[in-house]
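**Q** Sequence first, predicted coordinates after that:
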Amino acid sequence: MLLVPGDPRRRDDRPPMRHLSMIRSFHLADFLTLANGACGMTAVLYSLAHTRGGGGWGGGLVIATGLVLLAFVFDVCDGRVARWRRQHSVLGRELDSLADLVSFGVAPAAIAFAAGLDTWPDAVILVFFVLCGLSRLARYNVTAEALASEHGRVTHFEGTPIPTSVVPLLLLLWGVHQDVQWALRWGDTWLHVLVMPFAVSGCLMVSRTLRIPKP
């Protein structure tokens, strides 16, 4: 049986769907969050382009890193705009976490792999890093209310926020620029020392004892 809008037999009171209804529901902060995610995904694409071209330092890696830093700017701005306009929402929080995973988890790992951290031990650590970021964001989403103050605002982070992944990323690019070739023997292959900051970053993100005040 076909039920039309306004039919009393409808089982919910939801208004009829309109064209682009999801986009219409976005706030300004949400569009800044989408810009964050767009920068992260574009950084991944530039990393892939770098590996396809087989070039040396520069070009795609520099642009990709710049896009991650730009994503960081959007990430800071969307929170400030949401607080300024008092437009906090569950959708916005989830959207922010998904964008952060792309921009500060997947993109830095892709840049690192494209920069030469491409042995299997390197790849294991980069995957570990991304999974730590994923776990960190999921934990924050389910504990945000418990961590909030009486005014409804989260006062501190448990573990380092995932945007801090820009630190190992910048260390990596400094090392590549300086032509650092430090590596440790791991079985029949090599583990590059420059991948270790990503391992440390991942461990810090999932720490329950490390508490950082939220600005």
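**A** Structure's in. What do you need?
**Q** Tell me which stretches of this structure form strands.
**A** For the chain, applying DSSP state E gives strands covering 156-158, 183-186, 189-192, 211-213.
**Q** Out of the ones you listed, which one sits most buried?
**A** strand 189-192 (a mean of 18; mean count of other Cβ atoms under 10 Å). No exception for glycine: its C-beta is placed from N, CA and C like everyone else's.
**Q** So for that one, mean pLDDT?
**A** The average pLDDT within strand 189-192 is 82.
**Q** State the paired neighbours of it in the sheet, together with their directions.
**A** Within its sheet, strand 189-192 is paired with strand 183-186 (antiparallel), according to DSSP bridges.
**Q** returning to that earlier point: tell me which of the strands of the chain sits nearest to Leu173.
**A** Leu173 sits nearest to strand 189-192 of all these, at 13.5 Å, using Cβ to Cβ.
**Q** Tell me which residues touch Ala115, please.
**A** 61, 172-173, 176 (Cβ atoms under 8 Å, 6 or more residues apart in numbering).
**Q** In those, which residue is surrounded by the most others?
**A** Leu61 (26 neighbours; other Cβ atoms under 10 Å).
**Q** measure that residue to Thr189 for me?
**A** Distance, Leu61 to Thr189, by Cβ to Cβ, to the nearest Å: 23 Å.
**Q** any idea how far stretch 110-129 is from the chain center?
**A** 17 Å (Cα atoms, centre = their mean, to the nearest Å).
**Q** Straight-line length of that stretch, end to end?
**A** In stretch 110-129, first residue to last residue: 11 Å (Cα to Cα, to the nearest Å).
**Q** Would you mind listing the buried residues in it?
**A** Residues 110-117, 119, 121-122, 125-126, 129 are the ones in stretch 110-129 that count as buried (16 or more other Cβ atoms under 10 Å).
**Q** Distance to Val166 for the strands of the chain - can I get that in TSV?
**A** Below are these laid out as TSV (distance: least, Cβ to Cβ, whole Å):
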stretch	distance to Val166
strand 156-158	16
strand 183-186	24
strand 189-192	19
strand 211-213	15
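**Q** among those, where is the model least confident on average?
**A** strand 183-186 (a mean of 68).
**Q** what about the helices in the chain?
**A** 21-24, 28-53, 60-85, 90-101, 107-114, 120-147, 166-177, 196-205 (DSSP state H).
**Q** Show me which of those has the highest average neighbour count.
**A** Highest mean neighbour count among the helices of the chain (mean count of other Cβ under 10 Å): helix 107-114, a mean of 26.
**Q** could you give the angle of it to helix 120-147?
**A** For helix 107-114 against helix 120-147, the angle by axes from the mean of the first three to the mean of the last three Cα atoms, to 10 degrees is 170 degrees.
**Q** picking that back up, looking at the helices of the chain, which one has the lowest mean pLDDT?
**A** helix 21-24 (a mean of 57).
**Q** Next, the contact list for Cys132, please.
**A** 201-203, 205-206.
**Q** Columns distance to Gly53 on top of these, output as a markdown table?
**A** As requested, the contacts of Cys132 are arranged in a markdown table below (distance: Cβ to Cβ, whole Å):
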| residue | distance to Gly53 |
| --- | --- |
| Ser201 | 28 |
| Gly202 | 29 |
| Cys203 | 33 |
| Met205 | 32 |
| Val206 | 35 |
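**Q** of those residues, closest to Ser135?
**A** For the contacts of Cys132, the nearest to Ser135 is Val206 (5.5 Å; Cβ to Cβ).
**Q** Alright, I will stop here.
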